[in-house]
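**Q** Show me the folded form of this:
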Amino acid sequence: MEERLYLLQRHLPEEIQLQRLLHDGARWLRHDIALTLETQGQPLPVHVIELGSRAPGVPVIGFFGGVHGVERIGSQVLLSWLHALVQRLQWDAAFRQRLDRVRIVFMPMINPGGLWHRTRCNPNGVDLMRNAPIDAMGKVPFLVGGHRISRHLPWYRGKRGAPMEPEAQAVIRVVRERLLAAPFSLSVDCHSGFGRRDRLWCCYARSHRPIAHIAEVLTLKRLLQQTYPYHHPYLIEPQSVNYTTHGDLWDFLYDESLDTHPDHTFLPFTLEMGSWLWVRKNPKQMLDFFGYFNPMITHRHHRVLRQHLPLFEFLLAATDNWQNWIPLPHQRAERTRQAIEEWFTEPAEHGAR
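**A** From the prediction side, this is the model:
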C-alpha cells in the first residue's frame, strides 16, 4: 500500500485527491468504475461519479477531463469543481434542493495511463480525441487533424477498422447511458492547448456545417453574456471555424443523439484553456514539454483552478432551467440565421486542440 501511494503521488496525484473527495462526499456521491487499466503493474481506474437526482426525466450535465495525458490541468479543474460541490452540499440547503432537479456526471480522468506517463495519447499510442469511426468532410491539417501513419506520431487515430480504444468506449458508454436519454443534456470536456484565449467550443470538429442545435448554442452564449457581462472572456464558437479533425468523440456522440433521441437536446462543449497565456507570462515553461500545456507557477495554477468555476456554475444553472431559455419553435429559424451569420461568415482566430 505504501509503495502504491508513493507511485500515485509521483505519477498520478489526482487519483489521491479524487479518493479523498469520494471519502468526504460519500453521503452524496455515487461512484462507479467504468474501466480499469494497468500500467507498470498498477491498476488505474477510470472513474464515473454522479450526484443529484436519480429520476429518469431530469436534465443532466456531464464534466469530462484527462482525455490527453499531458493536459492534466483539465482533470485538476474538474477536481476543484467537485471539491466545491462536495463542500457546498454540507451546508447549502438551496444547492441540495437544486440537485433534486438535475443530475451531474463526472469523468475527470478518462486517460489515466496517459496522465501516468505524461503523454497526449493513451498507452497504446492512440489519441482518444481522434479515435471515433468518423471522417472529416474535406481536408484536415496534416497530422493534427488525425492520421493512421504511425502510433509513434502524435494525433494517431488507430488502425483503420480496429475497435475504438477502451477509454474511448468507456466515454461513449457513459454518455449513452447517463446523458443522451435525458430530455436535455450538456457536456463540458476540459482541455488545454496552444491558444492565447480560453475557448468554449461546440460541434462540429469534422464539418464546417452548423450543427442542428446551433440556435441553442447561440442562445446559451448570449445568456452567459447577458447574465455576466464582465465574465471571464471566453471565445465561444464552433470548433470547425478554426480547423477540422477526424474521429472526434463528441461529433460521434452528437450525431448518435440525433439518430437515437431526436426529440432530446444534447449540447457537447469543449473548454479549451489557452496555454499560451501561461507560457507568455513564464517563458521558462518551454524548457519542459509538460509546461506547454499546464500552468507551472503556483499562483497561476491556483488562478486557473478557480477561474472556470463560475462558468461551471452557470452551465449547471442553465441545465437546471433549460426550458426557460431554450429557443421556442417560432424563434429557431431566426436564431439559426443569426448563428450562421455570426460564426460561419467571418474568419475566426485560430487555436488548436
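
**Q** what ranges do the strands span in the stretch 101-250 of the chain?
**A** For the stretch 101-250 of the chain, the strands defined by DSSP state E, counting those that start in this stretch cover 103-107, 184-193, 199-202, 235-238.

**Q** Include mean neighbour count and distance to Trp278 when you put these into a markdown table, please.
**A** Every residue, glycine included, has its C-beta placed from N, CA and C. Listed next are the strands of the stretch 101-250 of the chain as a markdown table, based on neighbours: other CB atoms under 10 Å; distance: least, CB to CB, whole Å:
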| stretch | mean neighbour count | distance to Trp278 |
| --- | --- | --- |
| strand 103-107 | 23 | 25 |
| strand 184-193 | 24 | 9 |
| strand 199-202 | 24 | 15 |
| strand 235-238 | 20 | 17 |
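
**Q** how about those, which one is nearest Lys139?
**A** strand 235-238 (17.5 Å; CB to CB).

**Q** Quick one: list the elements packing against that closest one.
**A** Judged by 3 or more CB pairs under 8 Å, 6 or more residues apart in numbering; DSSP states H and E, strand 235-238 is in contact with strand 199-202, helix 214-227.

**Q** Please report phi then psi for Pro133.
**A** phi -80, psi 60 (degrees, to the nearest 10).

**Q** center of the chain - which residue?
**A** Asp189 (0.3 Å; CA atoms, centre = their mean).

**Q** Give me the spatial nearest neighbour of it, chain neighbours excluded.
**A** Of all residues not flanking Asp189 in the chain, Phe64 sits nearest, at 4.4 Å (CB to CB, 6 or more residues apart in numbering).

**Q** Can you get me a residue count around Gly41?
**A** Counted with other CB atoms under 10 Å, residues neighbouring Gly41 total 8.

**Q** separation between it and Arg4?
**A** 10 Å (CB to CB, to the nearest Å).

**Q** swap in Pro163?
**A** 30 Å.

**Q** likewise Leu22?
**A** From Leu22 to Arg4 the distance is 16 Å (CB to CB).

**Q** the more surrounded of the two?
**A** Neighbours were counted for Leu22 and for Arg4 using other CB under 10 Å; Leu22 has more, 15 against 12.

**Q** Can you name every helix or strand that the one helix or strand the more buried one maps to contacts?
**A** Using DSSP states H and E, Leu22 falls within helix 13-24. Under the contact definition 3+ CB pairs under 8 Å, 6+ apart, helix 13-24 sits against helix 2-11, strand 42-52, helix 73-89.

**Q** Which residues does the helix or strand that contains Phe95 contact?
**A** If you go by DSSP H and E, Phe95 is part of helix 93-98. Contacts of helix 93-98 with the rest of the structure, by CB atoms under 8 Å, 6 or more residues apart in numbering, involve Leu85, Arg88, Leu89, Leu316, Ala317, Asp320.

**Q** Just the buried residues of the residues you listed.
**A** Neighbour counting with 16 or more other CB atoms under 10 Å marks Leu85, Leu89, Leu316, Asp320 as buried within these.

**Q** now the third one: how far from Val304?
**A** In other words, Leu316. Leu316 is 19 Å from Val304, by CB to CB.

**Q** Where does pLDDT dip in the stretch 251-353 of the chain?
**A** The stretch 251-353 of the chain contains residues with pLDDT under 70 at 346-353.

**Q** Can you get me the start-to-end distance on stretch 24-42?
**A** 24 Å (CA to CA, to the nearest Å).

**Q** Check what contacts it and list those residues.
**A** 4, 7-8, 21-22, 43-51, 82, 85-86, 89, 99, 107, 112-113, 116-117, 123, 166-167, 169-170, 173-174.

**Q** Please apply the same query to stretch 279-288.
**A** Arg196, Trp278, Gly291, Tyr292, Met296, Ile297, Arg300.
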